[in-house]
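compute the structure for the input listed below.
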Amino acid sequence: MTAHPDATIVPAAPEARAWTKLLSRYRAPHDGRSLVEIAITFLPLAALWALTWTALYFGQYWLSLLLAVPAAGFLVRLFMIQHDCGHGSFFRRRAANDWTGRIIGVLTLTPYDFWKRSHAIHHASSGHLDRRGIGDIDTLTVAEYRALSRLGRLRYRLYRHPFVMFAFGPAYLFLLQQRLPIGFMRGGWGPWLSTMTTNLAVAAIAAVLISFIGLKALLLVHLPIVLLAGSAGVWLFYVQHQFEATRWDREPDWRRHEAALHGSSHYDLPPVLRWFTANIGVHHVHHLCSGIPYYRLPRALRDYPELKGIGRLTLIESLRCVRLVLWDEQARRLISFREARAAG
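Coordinates of the predicted model:
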């Protein structure tokens with residue numbers, strides 16, 4: 001164990017619940033730092049958007065598409081700020097978090113209050129086999145898959161196909177599904193208010209932009225940015241829980257803190273990608289203590305290096321996670337369709 005001056009001395013292998021208490025010291029956000037984070041994310045995004053349109057205006061669509069890549073990176077980072085606002089971890093005051101999240105939600109096409117509710121359910125039920133279905137990637141057990149009809153198996157295979165998951169799926173999610181409070185249609189006026197006000201704000205901004213640059217230019221500039229950012233976002237969410245050594249349990253064996261620590265990956269990305277993804281790869285720490293601002297997560301890893309190796313995935317290793325589609329309750333790991341077929 002590595003000791004440091006201002007950290008609590010802990011046992012060599014703290015339990016997951018003990019880690020939550022230790023990590024709580026990193027929770028306090030710094031409002032000034034948070035404002036800087038917004039500025040260095042939104043301003044480059046706006047500049048790149050303008051440059052992307054300028055390239056298109058002068059007939060250089062290849063350059064426009066090239067500029068869409070870093071613009072998408074900044075849009076992903078902006079979503080991560082919205083994500084921290086949803087956890088109440090970006091600013092000290094709840095109102096500042098919520099209104100910042102709502103404004104950003106218009107830019108990310110993600111109704112903030114609706115998303116915040118579903119994401120809270122995800123955190124409360126992550127890794128729980130009896131509470132799947134909201135805020136997560138649909139994952140069947142081997143037994144559940146085998147019990148499906150031929151058509152049911154085909155549907156699940158299509159859903160888990162990489163093209164559907166990371167290309168068609170993000171487009172459907174951000175452009176269509178999030179225009180209605182799917183999953184909360186009977187959840188009262190709150191989810192509807194969140195989605196409809198976001199839709200109205202998106203429509204208003206689109207109308208202004210169309211009046212200046214036209215519908216075709218808006219689509220050619222903004223759609224590639226949104227689709228690239230959406231695919232990257234879905235990929236990040238996927239590998240944070242869909243890796244071989246993840247953890248799923250049923251009642252009464254499910255424990256929230258153990259599921260957070262061992263059911264969430266440490267996606268150890270290169271520094272540039274860590275910056276654009278706002279350290280969301282330190283996902284096991286985030287799930288243990290979701291109140292930590294993303295800019296304080298690296299400090300937690302530095303102070304407690306024992307956490308670095310838990311659920312660690314490199315960029316290359318994460319590519320193999322695409323084939324993992326079924327939870328084997330006997331082997332207690334995710335497996336591929338081929339492995340399930342070989343097991344009989």
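
tell me the centre residue of the protein?
Phe237 (4.2 Å; CA atoms, centre = their mean).

wait, what's in contact with the residue lying closest to it once chain neighbours are set aside?
In this structure, Phe237 finds its nearest non-sequential neighbour in Ile137, 7.2 Å apart by CB to CB, 6 or more residues apart in numbering. In short, each C-beta sits where N, CA and C put it, glycine included. By CB atoms under 8 Å, 6 or more residues apart in numbering, Ile137 lies in contact with 165, 237-238, 241-242.

show me the one in those that has more neighbours than the rest.
His241 (24 neighbours; other CB atoms under 10 Å).

and stretch 313-321, how far apart are its ends?
From its first residue to its last, stretch 313-321 covers 10 Å (CA to CA, to the nearest Å).

which stretches of the protein form strands?
Per DSSP state E, the chain carries strands over the ranges 140-141, 266-268, 312-314, 326-328, 333-335.

return the most buried member of those.
Sort the strands of the chain by mean neighbour count, taking mean count of other CB atoms under 10 Å, and strand 266-268 sits at the top with a mean of 23.

state the number of residues packed around Leu51.
Leu51 has 16 nearby residues by other CB under 10 Å.

follow-up on the earlier one: want to throw the contacts of Ile137 into a markdown table with pLDDT?
Below are the contacts of Ile137 laid out as a markdown table (pLDDT from 0 to 100):
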| residue | pLDDT |
| --- | --- |
| Met165 | 97 |
| Phe237 | 96 |
| Tyr238 | 97 |
| His241 | 96 |
| Gln242 | 96 |
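
tell me which two of these sit farthest apart.
Met165 and His241 (13.2 Å; CB to CB).

hmm, His257 and Arg17 touching each other?
Yes. Assessed by CB atoms under 8 Å, Arg17 is found in contact with His257 at 4.5 Å.

shared neighbours, these two?
By CB under 8 Å, 6+ apart, no residue touches both Arg17 and His257.

now the helices for the stretch 151-300 of the chain?
162-163, 169-175, 189-213, 215-239, 256-262, 271-276, 283-288, 297-303 (DSSP state H, counting those that start in this stretch).

who's in contact with Glu258?
Contacts of Glu258 (CB under 8 Å, 6+ apart): 16, 247.

the one 4 residues further on too?
Contact criterion CB under 8 Å, 6+ apart gives 16, 245-247, 284, 310-311 as the residues in contact with His262.

state the pLDDT value of it.
Note for His262: predicted pLDDT of 94.

please tell me how far it sits from Trp19.
11 Å (CB to CB, to the nearest Å).

and for Gly187?
33 Å.

more crowded one of the two?
Trp19 (23 against 13).

count the residues that sit near the closest residue to that one other than its chain neighbours.
Closest residue to Trp19 apart from its sequence neighbours, by CB to CB, 6+ apart: Leu288 at 5.5 Å. Leu288 sits with 25 neighbouring residues when counted by other CB under 10 Å.

same question for the one 3 residues further on.
For Gly291, the neighbour count with other CB under 10 Å is 16.

could you find the closest non-adjacent residue to it?
Spatial nearest neighbour of Gly291, chain neighbours left out: Arg27 (4.2 Å); criterion: CB to CB, 6+ apart.

per-residue pLDDT, the one you found?
So, for Arg27, pLDDT stands at 95.

for it, give me its contacts.
Counting by CB under 8 Å, 6+ apart, the residues that Arg27 touches are 89, 289, 291-293.

and Thr108, how close does it get to Pro224?
Taken as CB to CB, the span from Thr108 to Pro224 is 15 Å.

those two: which is more packed in?
More crowded of Thr108 and Pro224, by other CB under 10 Å: Thr108, with 26 against 19.

for that one, give me its contacts.
Here Thr108 is in contact with 75, 78-79, 82, 174, 229 (CB under 8 Å, 6+ apart).
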